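Kindly return the folded structure for what I paste below:
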Amino acid sequence: MKSSNKSIINLIIDIILFFLMFVITGIGFLIKYILVPGFKRNELYGKDVELYFWGLDRHYWGTIHLTFAFMFLFLLLIHIILHWNMIQCIYKRMIPHKTLRISLAIFLIVTSAIIGIGPLFIKPVLSNAVVHHHPYNRNKKGKYLDNAVIMNPLPTSSNDLIRENINGNQSKKKRIPHNQTKNRLAGQHKNHSYKDIEIYGSMSLSDVSKKYGLSVTELATAINVPKESAHERLGRLKKQYRFQMNSLRRFIYSQTKR
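From the prediction side, this is the model:
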């Protein structure tokens, strides 16, 4: 390859790498601060709201982010290959001792491989608070939690102690007359509606089926989606088939109130 052509190729690659660097950074900001995850989205915008940019949610943008990262890595490798002779000369000058030079090179390669590929083999760590308090995690028992490490589990003795304290505090409260208790329960039942049905965009039809004891086929028919989409997130199905979450809630309510 002629020196002039090589210089042009290097310049083009450098320009593309510079552009990709800011694209990756910008998409990272978009996913982190704009298309926020479910629990934060519910706090800011309310339940059953999906956030999109150019018609894509944060999961699709995550895929795009990873694609650009692969492109950046590929071009960076080409850049290193084109400058390999220069890199070798500078590296030998910096570290004259051959054994140390080889050892450092092996260390860098192995460390880079662990950092780049290692996350594919990592098990997620879930705290006890997340497992019990997040509504989505409460309904995912067995599917994801089997592959996770639960930290700070609450001992059985602690559960018993808390239960005894609660029961003790309740017994000390003033007893409510039976007729008042009956009226209060009647009022609570009257105020209960389909809006109390807890379903989220991050759940799938399979999750809803397990939670409320309804078949996937019934749920899919109620919102006019194929039953083969049982494991797709409701947020994505909502975007694709244009149904309303409240329609699904009304159907579940009509089936469970019997």
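
Let me see the ranges of the strands in the stretch 1-150 of the chain.
Ranges of strands within the stretch 1-150 of the chain are 125-127, 149-151, based on DSSP state E, counting those that start in this stretch.

Mean pLDDT lowest where, among those strands?
Mean pLDDT across the strands of the stretch 1-150 of the chain is lowest at strand 149-151; the value there is a mean of 48.

what sits against residue 78?
residue 13 (Cβ atoms under 8 Å, 6 or more residues apart in numbering). Heads up, the C-betas are built off the backbone N, CA and C, glycines and all.

Quick check: it vs residue 105, distance?
19 Å (Cβ to Cβ, to the nearest Å).

Ok, residue 35 next?
Relative to residue 105, and taking Cβ to Cβ, residue 35 is found at 40 Å.

between those two, who's got more neighbours?
Neighbour tally, residue 35 and residue 105, criterion other Cβ atoms under 10 Å: the higher count belongs to residue 35, 20 against 12.

isn't the more buried one right up against residue 61?
Yes: with contact defined as Cβ atoms under 8 Å, residue 35 reaches residue 61; the gap is 6.3 Å.

what's the overlap in contacts for these two?
residue 53.

Show me where the stretch 151-258 of the chain dips below the pLDDT cut-off.
151-192, 194-195, 258 (pLDDT under 70).

could you pull out the helices for it?
Remark: helices assigned in the stretch 151-258 of the chain by DSSP state H, counting those that start in this stretch are 156-172, 178-191, 205-212, 216-222, 234-241, 245-256.
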